[in-house]
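[1] When you get a sec, could you give me coordinates for this:
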Amino acid sequence: MSITSSTTLSQIVSKIQSKVPDKSNLFGKASDQILLETIGKLINLDEIVDRIQAMDHHQCSLFMPEQVKFAFLKWIENHLESIELQPEWYLTKDFKHFDRHLPFEELQAAVEQEFDVEAVYQEIGDAHEAGLFDNSSLEDQFTGTAQQAAADALTW
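    Residues are numbered from 1 along each chain as shown. Next comes the predicted model:
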């Protein structure tokens, strides 16, 4: 499409809109319709489109709301596919919202319920008193200094 200097903005918009399928056909594919219904249950697409157009983000005020909604849904669909392919990347990038909803407290309570922490501490204390944790055989065999032990540990 060539644009002459005398072409007005409204004429350009009319030409663009004439090239885009009518709004009844935008969500014609079954997958697009399912995506529209699913996303529509989670967020208010009309309010999002109104805001995007009011702010004229990416010059969206030039297009019909249905066209902007379709583009927004395709943008979301692309992100969902990317998340499906690399969920660990997204979780690493924005981990707070993921971690916040993991039930760490319930896990801790389940572990404490399964293991009597006080009983475990008592067993360890009893083992210390019985001399089971005094020295290992490796400690008994070592005759060097602390500096030699550190140097050996670095080269091991």
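[2] Buried residues, the lengthiest helix in the chain. List them.
    Ranked by number of residues, the top helix in the chain under DSSP state H is helix 65-85. Neighbour-count burial for helix 65-85 flags 66-73, 76 (criterion: 16 or more other Cβ atoms under 10 Å). C-beta: built from backbone N, CA, C; applies to glycine.
[3] C-terminal to that helix, what's the next element?
    Remark: after helix 65-85, the chain's next helix or strand is helix 87-93, criterion DSSP states H and E.
[4] I'd like the distance from that next one to the chain centre, please.
    Offset of helix 87-93 from its chain centre (Cα atoms, centre = their mean, to the nearest Å): 5 Å.
[5] now stretch 71-90
    10 Å.
[6] Which residues outside that stretch are in contact with it?
    32, 35-36, 39, 45, 48-49, 52, 60, 63 (Cβ atoms under 8 Å, 6 or more residues apart in numbering).
[7] Return the member of those residues nearest to E106.
    I39 (30.3 Å; Cβ to Cβ).
[8] which element is I34 on?
    Taking DSSP H and E as the criterion, I34 maps to helix 30-42.
[9] quick one: average pLDDT of that helix?
    The average pLDDT for helix 30-42 rounds to 76.
[10] packing partners for the helix or strand just after that helix?
    The first helix or strand that comes after helix 30-42 along the chain, using DSSP H and E, is helix 45-54. On a contact count with 3 or more Cβ pairs under 8 Å, 6 or more residues apart in numbering; DSSP states H and E, helix 45-54 meets helix 65-85.
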